[in-house]
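[1] how would this look folded up:
(one chain, ligands or ions: 1)
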Amino acid sequence: MTRTISILGATGSIGASTLDLIRREPGKWRVVALTANGNAADLARLAREFSAEVAVVADEASLPALREALGGSGIEAAGGAAALVEAAARPADLTVAAIVGCAGLAPTMAAIEQGRTVALANKEALVSAGDVMTAAVARHGTTLLPVDSEHNAIFQCLAGNDPAHVRKITLTASGGPFRDWGAEQLTAATPAQAVKHPNWDMGAKISVDSATMFNKGLELIEAHHLFPVGLDKLAIVVHPQSVVHSMVEYRDGSTLAQLGPSDMRVPIASCLAWPQRMDTPCEPLNLAALGELSFRAPDEARFPATRLCRQAAEAGGAAPAVLNAANEVAVAAFLAGQIPFTRIAVMVETMMTRYSPSAPAVLADVIGIDAEARAHARELLELA
Ligand code: NDP
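    Okay, the predicted model is just below:
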């Protein structure tokens, strides 16, 4: 049976991994919408290859290039924020939400409002919108499948079990490229070093988040919403090999873990096939060759991000949206060479103490808080 699919953020790392799997199942999928920000050439190439119904660039300035590249194909081309939301709202059996940052929030919510299935990679959207998003999921009867490898692992370990029996959920963290760096080295870390993740091949923003450990902190908030067992039951452990993707411990002392290669096609495949399974081209694990798996506690003195994220989750309301916006602005500034690596966490903490808007009730509130927090964060950058 052919299923319909839309991929928001099709030109990114998650988009590419998703399309790689779809390419291997000819006839199984019909592509509705593919979207990008400004990368019109790649988007047009993908839209042609997969015979998409519509291709959308969020950045309207890229629309003429997209139109030209799609000329004669019969594929609709559109541009701008409203077009992105319109495309995300088109009926699709499965929508993969893989835009980076809070920019993905409105289209992801539009997909959720269809009441079908959304595979969520775009963690910043859930972190920022929190209860606003989970309430929409419940209201529309949407199935939300987690793409993030840790949350996908937890989802698999929870299957068939009563969440009331969960004693602890442990998210594993690779620790990123600076895991063993001293405080002084961290101050001098460059963007090129930060995006060079030891185990995973990912987009620039999440790679920096992984280096600061904000990625794990954002994932803690994400887990808090996806698996509401209580924040006190969510833990983080550093596991440099990225083989155990997360664990769930039950009241009887059993701990279930999901293991797999460091390849996002594994959790993406689990979402594409759910509740069935599908083949992937990923190398099977060879535990004997790996020899050892190691675990250690995170060091919040060198990497304060997980502490800040836990505080934001505890505070609730607008705090996670403010934290996320500040982090997005700080990461962009770091990647542009404007601030040192260690200032990312400092900026986020400063924003959290100085700016506390009231809790969002609807999507427009979240978008407003995000925009205002970004403006404040940019002011902080100028003052520096
Ligand atoms: P990439 O940077 O590789 O890709 C981002 C995608 O989003 C691209 O298609 C990009 O388009 C599009 N995009 C960027 N900015 C905007 C915008 N303002 N409006 C609309 N579209 C935009 O990111 P990743 O694939 O690495 O990550 C995507 C999401 O998945 C993130 O939230 C990340 O945290 C999460 N994730 C990623 C993992 C990974 O392994 N990569 C693992 C787990 C989660 P364009 O190409 O035109 O710029």
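
[2] can we go C-alpha only for contacts and neighbour counts from here?
    Will do.

[3] what helices or strands is the longest helix seen in the chain leaning on?
    In the chain, assigned by DSSP state H, the helix with the most residues is helix 363-383. Under the contact definition 3 or more Cα pairs under 8 Å, 6 or more residues apart in numbering; DSSP states H and E, helix 363-383 sits against helix 123-129, helix 319-335, helix 343-354.

[4] Make JSON lines from these and add mean neighbour count to it.
    Converted to JSON lines, those look like this (neighbours: other Cα atoms under 10 Å):
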{"stretch": "helix 123-129", "mean neighbour count": "29"}
{"stretch": "helix 319-335", "mean neighbour count": "25"}
{"stretch": "helix 343-354", "mean neighbour count": "18"}
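
[5] and these as JSON lines, adding mean pLDDT?
    As requested, the helices and strands packed on helix 363-383 are exported to JSON lines (pLDDT from 0 to 100):
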{"stretch": "helix 123-129", "mean pLDDT": "98"}
{"stretch": "helix 319-335", "mean pLDDT": "98"}
{"stretch": "helix 343-354", "mean pLDDT": "97"}
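
[6] in the stretch 51-200 of the chain, which ranges drop under the pLDDT threshold?
    Applying pLDDT under 70 to the predicted model, the stretch 51-200 of the chain contains no residue that meets it.

[7] any chance you could map the strands in this protein?
    Defined through DSSP state E, the strands belonging to the chain, from first to last, are 3-8, 29-36, 54-57, 76-79, 94-97, 117-120, 143-146, 166-173, 234-238, 244-250, 255-259.

[8] C-alpha coordinates for the first one, CSV please?
    Okay, so that is strand 3-8. What follows is the C-alpha trace of strand 3-8 in CSV, where atoms were taken according to Å, rounded to 0.1, in the frame of the first residue of the first chain:
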residue,chain,number,x,y,z
ARG,A,3,1.7,5.9,1.9
THR,A,4,1.9,9.7,1.6
ILE,A,5,4.8,11.6,3.2
SER,A,6,5.9,15.2,3.7
ILE,A,7,9.4,16.1,4.8
LEU,A,8,9.8,19.6,6.4
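
[9] That one near the ligand anywhere?
    No: Strand 3-8 lies apart from the ligand when judged by Cα under 6 Å from any ligand atom; the minimum separation is 6.9 Å.

[10] how about that strand: buried residues?
    When burial is assessed from 16 or more other Cα atoms under 10 Å, strand 3-8 yields the following buried residues: 4-8.

[11] ok, residues contacting it?
    Outside of strand 3-8, the residues that reach it under the criterion Cα atoms under 8 Å, 6 or more residues apart in numbering are 15, 28-36, 88, 92-99, 104, 107.
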